[in-house]
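> Provided below are the primary sequence and the corresponding predicted coordinates.
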Amino acid sequence: MSKRIHVRDLTLRDGQQSQFATRMTQAQVDRVLPHYRDAKFYAMEVWGGAVPDSVMRYLDESPWTRLESIKAGVGGASKLTALSRGRNLFGYNPYPDTVIEGFCRNAVRSGVDIMRIFDALNDIANMKSSIRFVKEAGGMADCAVCYTVDPHFSRRERIAAALRGRKLPKNLFGIKYFVAKAKELEKLGADMISIKDMAGLVDPATAATLIRALKAEIGIPIDLHTHCTPGYGTASVLMAMVNGVDIVDSVVLSWSGGPAAPAFEFVELFARRLGLETGVNLAAVARIDRELRAARAELAKFDQYKRLPPTLDLSTEELSPELAALFDGAVEEAVAGRAERCLALCQKIEAAFNYPEPDEIVKHAQIPGGMYTNMLAQLQEAKLERHVDEVLKLVPEVRLACGVPPLVTPTSQIVGVQAVNCVIDRTQGKPMYTNVSKNFAELVKGSYGTTPWPVDPAFREKICGVRDEVPYDTSNYKKQPNPELPELGGVRLARDEKEELLLELFPSVADKFLRGQRKREWESANPPPPPEPEKPTRYPAAFWEEELTLAIEA
């Protein structure tokens, strides 16, 4: 009997967020749900991340309706998963337990089976409440450790730092770091551990070593989540499969690659050659792919790359001899542990399926693609595009100054914005950190949690006015107002706990969305009275006599 490997499909959350700025409409989602019910992936990531914000902000749709409709469409065929930022949930600021509990309970009640919980600092204290509340609500806690690498400093920079008595991190984010985090999360009750590689930085050799180490010391399932941006994704997933990973994340072919995850079809082809079963209905996947190709055409204005892979229906089609040889060779090299050769063959596979070329900026700067895009936009707004290389060189220094956080939302944006601010300071002849963002100051202060590397007390004093770390404090948290709307009959803006949670988590976006909802409901219940029919005009007899005379004379 073949060994099973589970597949988590990311298409409806991470896939559309990576490729199309999270603009997939409810109607487009509804078209694929019957096929997903038939496909029977182990799990489907469908909610969380940018979805709740985006469906309100750009599509004027309800996040809760999105989740509940997918649950109704898929039923129990696949476990539904969502993404949450631990104590921060979806924003930057930490929330009190009352908000976290309400969110977790309602998410599970509305359809979430597995909550993938992470913290941008890998501060496990920030994850404890979510783990507990998800499990109390009957859900599974998928605890993610954000994968990152040490900031890169040249030999000259390291020598200069040593001469100044300044210590630089070395092998901070090694294999031991990730295994230790996973062990701690397992003790807290995690049902599975995900390595969340948001920038696609885990190379094939590291993926193999990391999965082997985790499988040797962790007794719960291990999931690898990565992206294809710098060109490692497909090979790293294959190396993880060879080394015993329990779950891999993928996207249906037509939405895969580039900033998204590798294709499910690649995973299936690797699994066949490794004697693994995915348990997925391949004919249903082909139907999903056809619907997604139509949806991709509809989302063209949000499609950054516009690189559509050729079709591949694994339920009916055989690979060409050339492609089959590439897949055979990649698996052979992976099994033999030859990571570089495996990578070369996997990149040929990606090229054959029209994937975007590896992003060298992301690869060498070791930052997520979205972070680079946002930094570039900030520079363009300041008319300083020519300084982009200077910003990229400054990112490791800024990251070190604020405690070497992993570069994942929101810390990636905080570090990126501050690096641009520092370059702007330089161009204006000012000292660096003259212009400091509020979020950067909060990160340095300790308000987001404990950073992987200690912040220099003198630097904290310079930025925040205090030398010692000041942890977040939710005791003064004020709930968002839920006003009555007298112009709409005195109804409340949020009509139930789920809508109140939207106000807590997305105050300005939810306020606008809910006002629109209440207005439509009011107008539907109170339609304007129909216009009165016009009364026929009554003309005197003399008028008709005159009209008749004129007609005769004519």
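Cool, the structure landed.
> Excluding chain neighbours, what is closest to residue 209?
Sequence neighbours aside, residue 175 is the residue nearest to residue 209 in space, at 5.9 Å (criterion: Cβ to Cβ, 6 or more residues apart in numbering). Bear in mind the C-beta positions are built from the backbone N, C-alpha and C, glycine included.
> confidence score at that neighbour?
Per-residue confidence (pLDDT) for residue 175: 97.
> Equivalent analysis for residue 381, please.
According to the model, residue 381 scores 88 on pLDDT.
> Tell me how many other residues surround it.
By other Cβ atoms under 10 Å, 10 other residues sit near residue 381.
> ok so, going back, and the residue nearest to residue 209, how many neighbours?
14.
> again with residue 294
Residue 294: 12 surrounding residues under other Cβ under 10 Å.
> Repeat that for the one 4 residues further on.
The burial count assigned to residue 298 is 15, neighbours taken as other Cβ under 10 Å.
> Would you confirm that the residue nearest to residue 209 contacts residue 211?
No: assessed by Cβ atoms under 8 Å, residue 175 is found out of contact with residue 211, at 10.1 Å.
> got the buried residues for stretch 122-139?
Within stretch 122-139, the residues that qualify as buried are 122-124, 126-135, 137, 139, counting by 16 or more other Cβ atoms under 10 Å.
> now swap in stretch 42-59 and tell me
Quick answer for stretch 42-59 (16+ other Cβ under 10 Å): 42-57, 59.
> Repeat that for stretch 346-366.
Within stretch 346-366, the residues scored as buried using 16+ other Cβ under 10 Å are 346-350, 353, 355-356, 358-359, 361-363, 365-366.
> same question, stretch 508-519
For stretch 508-519, a neighbour-count test (16+ other Cβ under 10 Å) marks 509, 510, 511, 513, 514, 517, 518 as buried.
> closest to residue 376 among the residues you listed?
If you rank the buried residues of stretch 508-519 by distance to residue 376 using Cβ to Cβ, residue 509 comes first, at 24.6 Å.
> Check the offset of the host helix or strand of residue 519 from the chain's centre.
According to DSSP states H and E, residue 519 maps onto helix 507-525. Distance of helix 507-525 from the chain centroid (Cα atoms, centre = their mean, to the nearest Å) equals 27 Å.
> and what of stretch 187-207?
Centre-to-centre, stretch 187-207 and its host chain are 15 Å apart (Cα atoms, centre = their mean).
> Any idea how far apart the tips of that stretch sit?
End-to-end distance for stretch 187-207, by Cα to Cα, to the nearest Å: 23 Å.
> So for it, mean pLDDT?
The average pLDDT for stretch 187-207 rounds to 96.
> Ok, stretch 333-353 next?
The average pLDDT within stretch 333-353 is 98.
> Please apply the same query to stretch 156-165.
78.
> show me where pLDDT drops low in the stretch 401-550 of the chain?
Along the stretch 401-550 of the chain, the model assigns pLDDT under 70 to residues 536-550.
> So which residues of it form helices?
Counting by DSSP state H, counting those that start in this stretch, the stretch 401-550 of the chain has helices at residues 411-427, 438-445, 457-464, 497-505, 507-525, 541-553.
> Figure out which of these is closest to residue 471.
helix 438-445 (9.1 Å).
> the inter-axis angle of the closest one versus helix 457-464?
Between the axes of helix 438-445 and helix 457-464, defined by axes from the mean of the first three to the mean of the last three Cα atoms, to 10 degrees, the angle is 150 degrees.
> what is the mean pLDDT for stretch 365-376?
pLDDT averaged over stretch 365-376 gives 82.
> Give me the phi and psi angles of the residue nearest to residue 209.
phi -60, psi -40 (degrees, to the nearest 10).
> Residue 142 versus that one, what's the distance?
Relative to residue 142, residue 175 is positioned 21 Å away (Cβ to Cβ, to the nearest Å).
> now swap in residue 242 and tell me
Residue 242 is 23 Å from residue 142, where distance means Cβ to Cβ.
> Residue 142: which element?
With DSSP H and E as criterion, residue 142 is part of strand 140-146.
> wait, isn't residue 368 in contact with residue 199?
Yes: the pair residue 368 / residue 199 is scored as a contact, 4.0 Å apart, by Cβ under 8 Å.
> More neighbours: those two, which one.
Higher neighbour count among residue 368 and residue 199: residue 199, with 30 against 27, using other Cβ under 10 Å.
> show me what contacts that one?
Shown in contact with residue 199 (Cβ atoms under 8 Å, 6 or more residues apart in numbering): 148, 227, 229, 230, 362, 366, 367, 368, 369, 371, 407, 408.
> picking up where we left off before, what about residue 242 and residue 142, which has more around it?
Using other Cβ under 10 Å, the more surrounded residue of residue 242 and residue 142 is residue 142, with 33 against 23.
> What sits closest to that one if chain neighbours are left out?
Distances taken as Cβ to Cβ, 6+ apart put residue 116 closest to residue 142, at 4.3 Å, once the chain neighbours are dropped.
> Whichever strand or helix holds the one you found - what's its average pLDDT?
Per DSSP H and E, residue 116 falls inside strand 114-117. Mean pLDDT, computed over strand 114-117, is 98.
> Start the count at 831 instead of 1 going forward.
New numbering, starting at 831: the last item is strand 944-947.
> What residues sit buried inside the strand or helix carrying residue 1220?
Element membership for residue 1220 (DSSP H and E) is helix 1218-1231. If you call a residue buried by 16+ other Cβ under 10 Å, then helix 1218-1231 has these buried ones: 1218, 1220, 1221, 1222, 1224, 1225, 1226, 1228, 1229, 1230, 1231.
> What of stretch 902-911?
Across stretch 902-911, burial judged by 16+ other Cβ under 10 Å covers 903, 904, 907, 908, 909, 910, 911.
> what's next to that stretch, contact-wise?
Outside stretch 902-911, the residues that touch it by Cβ under 8 Å, 6+ apart are 838-839, 860, 863-864, 866-877, 897, 900-901, 941-946, 970, 972.
> can we see that at 6 Å?
863, 866-867, 870-871, 873-876, 941-944, 946 (Cβ atoms under 6 Å, 6 or more residues apart in numbering).
> Equivalent analysis for stretch 1109-1119, please.
862, 865, 868, 869, 870, 871, 1082, 1083, 1084, 1143, 1144, 1145.
> Next: stretch 1224-1242.
922, 950-951, 976, 978, 981-982, 999, 1028, 1197-1198, 1201, 1245, 1248-1249, 1252, 1273-1274, 1281-1283, 1285, 1289.
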